[in-house]
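Participant: Got a predicted structure here, sequence first:
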Amino acid sequence: MLDGPHPQVPADLARRVAERGGRLLRRRLFVRRLMLLVACAAVVAFTVWAVAAHPWEVPPAETTPLEGW
Amino acid sequence: MWTVRERQSGRERRRAQEFETFVAGAAGRLLHTATLLTAEPLRPPGANPRAQRLLTAALAHTYAQWERLRGEDPYDRTRRELAVRFAHEVWRHKRPRGGLLDPLTPQERLVLVLRLYEGVAEEQAAALLGLPVERVRAICNRSVATMRGTRRPTERRGAPGRPGVAR
């Protein structure tokens, strides 16, 4: 009952699909590049901050030692 | 020496050609499947806009995935996409539209078409729909009985079907 001739496929289906698929692909590529860019920017920002702030050094003591007690 | 751009455009052209061949071979059957799912009439040619929309979306997805199919059958891939998309928008397909499978609920149609028209194995259909195998078997038997006329169609107003789907 389910079998039988297939319905007629619109002539421009392949073109429409390729257009839409291409758009999907380009959007994905764009998002990937954007993520890569953000990741690179984050690495650069971290490096600059680390070089400037030297976070691995122990900060100098903030209280003066008590003397004369 | 080929530039990156030339190589890219060559790849794009090859993809477009391969894809066109695939669509030329598979679109008729896939549109048939989609039209059975949406329960729209198969004829005349423009009578199944919902099925066409569903198929266009599924094929566009396959197009975008073309390079990453890694030997997977594009037909299989598109059929899966079709089923998943249909299951996600099942609420749009509840109303009868004059198609062959009108007496069935959308979920019954999905199971019946996957199992009997497409010949997908019970386990695969169950995995695709996120249902236990026994439930798929029960829905399939129920749908067949309804279509044979040995069972009253599932009541739809009071208890709408719960189409579960795992992506």
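Facilitator: Sure thing, it's come through.

Participant: Checking B:Arg43 next. Helix, strand or coil?
Facilitator: Counting by DSSP: H, G, I helix; E, B strand; the rest coil, the backbone at B:Arg43 sits in coil.

Participant: can you pull the contacts of it?
Facilitator: A:Pro7 (C-beta atoms under 8 Å, 6 or more residues apart in numbering or on different chains). For glycine as for every other residue, the C-beta is placed from the backbone atoms N, C-alpha and C.

Participant: Which residues of chain A lie near chain B?
Facilitator: With the criterion set to C-beta under 8 Å from any C-beta of the partner chain, chain A comes near chain B through A:1-10, A:13-14, A:16-18, A:20-22, A:24-25, A:28.

Participant: Give me the three-state assignment for A:Gly68.
Facilitator: Under three-state DSSP, A:Gly68 comes out as coil.

Participant: give me the number of residues near it?
Facilitator: 3 (other C-beta atoms under 10 Å in any protein chain shown).

Participant: Next: A:Glu57.
Facilitator: Counted with other C-beta under 10 Å, A:Glu57 comes out at 7.

Participant: List phi and psi for it.
Facilitator: phi -80, psi 140 (degrees, to the nearest 10).

Participant: State the mean pLDDT of stretch A:26-36.
Facilitator: Stretch A:26-36 carries an average pLDDT of 96.

Participant: could you dump that stretch to PDB, C-alpha only?
Facilitator: What follows is stretch A:26-36, C-alpha atoms only, in PDB (Å, rounded to 0.1, in the frame of the first residue of the first chain):
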ATOM      1  CA  ARG A  26      29.300  29.600   5.500                       C
ATOM      2  CA  ARG A  27      27.600  30.500   8.800                       C
ATOM      3  CA  ARG A  28      29.400  27.500  10.500                       C
ATOM      4  CA  LEU A  29      32.700  28.600   9.100                       C
ATOM      5  CA  PHE A  30      32.200  32.100  10.300                       C
ATOM      6  CA  VAL A  31      31.300  31.000  13.800                       C
ATOM      7  CA  ARG A  32      34.400  28.800  13.900                       C
ATOM      8  CA  ARG A  33      36.600  31.600  12.800                       C
ATOM      9  CA  LEU A  34      35.000  33.900  15.300                       C
ATOM     10  CA  MET A  35      35.600  31.400  18.100                       C
ATOM     11  CA  LEU A  36      39.300  31.000  17.000                       C
END
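
Participant: and that stretch, how far from the chain's centre?
Facilitator: 8 Å (C-alpha atoms, centre = their mean, to the nearest Å).

Participant: Equivalent analysis for stretch A:53-67, please.
Facilitator: 38 Å.

Participant: Can you list the buried residues in it?
Facilitator: For stretch A:53-67, the neighbour count (16 or more other C-beta atoms under 10 Å in any protein chain shown) marks no residue as buried.

Participant: Tell me where chain B has strands.
Facilitator: Using DSSP state E, no strands are found in chain B.

Participant: got the residues of it near chain A?
Facilitator: B:16, B:19-20, B:23-24, B:27-29, B:31-32, B:35-36, B:42-43, B:45-46, B:48, B:51-52, B:55-57, B:59-64, B:66, B:100, B:113, B:116-117, B:147.

Participant: wait, what's in contact with B:Phe19?
Facilitator: Applying C-beta under 8 Å, 6+ apart, the residues near B:Phe19 are A:14, A:17-18, A:21, B:62-63, B:66.
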